[in-house]
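Peer 1: test case, fold it:
(one chain, ligands or ions: 2)
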Amino acid sequence: MLIELESVTKIYNQGQVNEVVALDDISLEVDDNSMICLRGASGCGKSTLLSIIGCVFQPTSGRVAIGGKQLSRLPDRFLTLHRRRYIGFIFQNFNILTSLTVRENIVLPLIPLGISPTRMKERAEELMDQFSISHRRNFPAGQVSGGELQRVAIARALVSDPPLILADEPTAHLDSRLGLEFMHFMADLKAKGKTIIITSHDSMVTEHPAIDRVIDMKDGRIHVP
Ligand code: ADP
Ligand code: MG
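Peer 2: Ligands and ions are numbered 1, 2, ... in the order given. Next up is the predicted model:
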C-alpha cells in the first residue's frame, strides 16, 4: 500500500481567530510493506497527519494517493468506505468500549460493512485465537488485563484485514514489557505484508529494528536536521 502525499496542508478553523496551521506543505512517500515512525513534540501535527493518511478527513490543500488511488478528490462517503476497507486504527489508550465484551469490541469495525453475524463471529474467533484471548471472549473489556486489552485493540484494527495499520502513540501509557510486546506484534504484522505507520517519541518504537524509517516533524513540517 504505497502512500504518496504531495504538498499536504491542513488548516483548522481557517479564516477564524483560532486558525491553526497543523500541517504545512508536507510531501512524503511511504513504501509498501514498510514500517515508519512519525516523531516530534506534542502539537507538531502527528495525529493530524495520521488522520489524513487514515481518511478521517481531507487536507485543506495538497494531494493524497494510497495504493495509486487519488483520495484528495473523493467525496466524504467514498473516503469513509476507503477507510473501512483499507485502514486499521490503533489509538492511544486503545479506545476500547469497556462495557462491551472482548468479542463485541473486536467486530465493531465490521458492523457498517454489513457482514453477516456468523461471519463476524468466525472472524472474531480467528483473531482471538491468534492473539490468545479466546478465553476472554465474553468478558466485558473493562475486566481484562492491560496486556489483553492491547491485544484486543490490535485484533480490532485487523478485523477487516486492512493492508495499512495506523497507530497513534500506542505505547505512551504502557510499561516497557507491554511496549516491547506491542512492537513485537507490529514487527510480525510487517512480516505478514502490512504497511504500518506509528506516531511516537518513545525510543522503544523509534529504535526498534523493524522500523524502516523515522520521520521527524516540527511545527507541521517534516524536519530535516
Ligand atoms: P500531535 O499529534 O503531534 O500532538 P496534532 O496533530 O494533534 O499534533 O495537532 C497539531 C496542531 O493542530 C496543534 O496545534 C493542535 O492544537 C491543533 N489541532 C489539532 N486538532 C485540532 C482541531 N480539531 N481543531 C483545532 N485545532 C486542532
Ligand atoms: Mg497526537
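Peer 1: next secondary structure element downstream of the one helix or strand residue 84 maps to?
Peer 2: Here residue 84 sits within helix 76-86, counting by DSSP states H and E. Downstream of helix 76-86, the next assigned helix or strand under DSSP H and E is strand 87-90.
Peer 1: show the average pLDDT along the following helix or strand past that following strand.
Peer 2: The first helix or strand that comes after strand 87-90 along the chain, using DSSP H and E, is helix 102-107. For helix 102-107, mean pLDDT rounds to 96.
Peer 1: quick one: list the elements packing against helix 102-107.
Peer 2: Contact here means 3 or more CB pairs under 8 Å, 6 or more residues apart in numbering; DSSP states H and E; on that basis helix 102-107 packs against helix 117-130, helix 146-158. The C-beta positions use only the backbone N, C-alpha and C, and glycine is treated the same way.
Peer 1: give me phi/psi at the most centrally placed residue in the chain?
Peer 2: Centroid check for the chain by CA atoms, centre = their mean gives residue 166 as the closest residue, at 1.9 Å. Backbone torsions for residue 166, taken as degrees, to the nearest 10, come to phi -120, psi 130.
Peer 1: what residues are bridge-paired with it?
Peer 2: Beta bridges link residue 166 to residue 89, residue 197, judged by DSSP bridges.
Peer 1: residues contacting it?
Peer 2: Contacts for residue 166 (CB atoms under 8 Å, 6 or more residues apart in numbering) come out as 50, 53, 54, 87, 88, 89, 90, 196, 197, 198.
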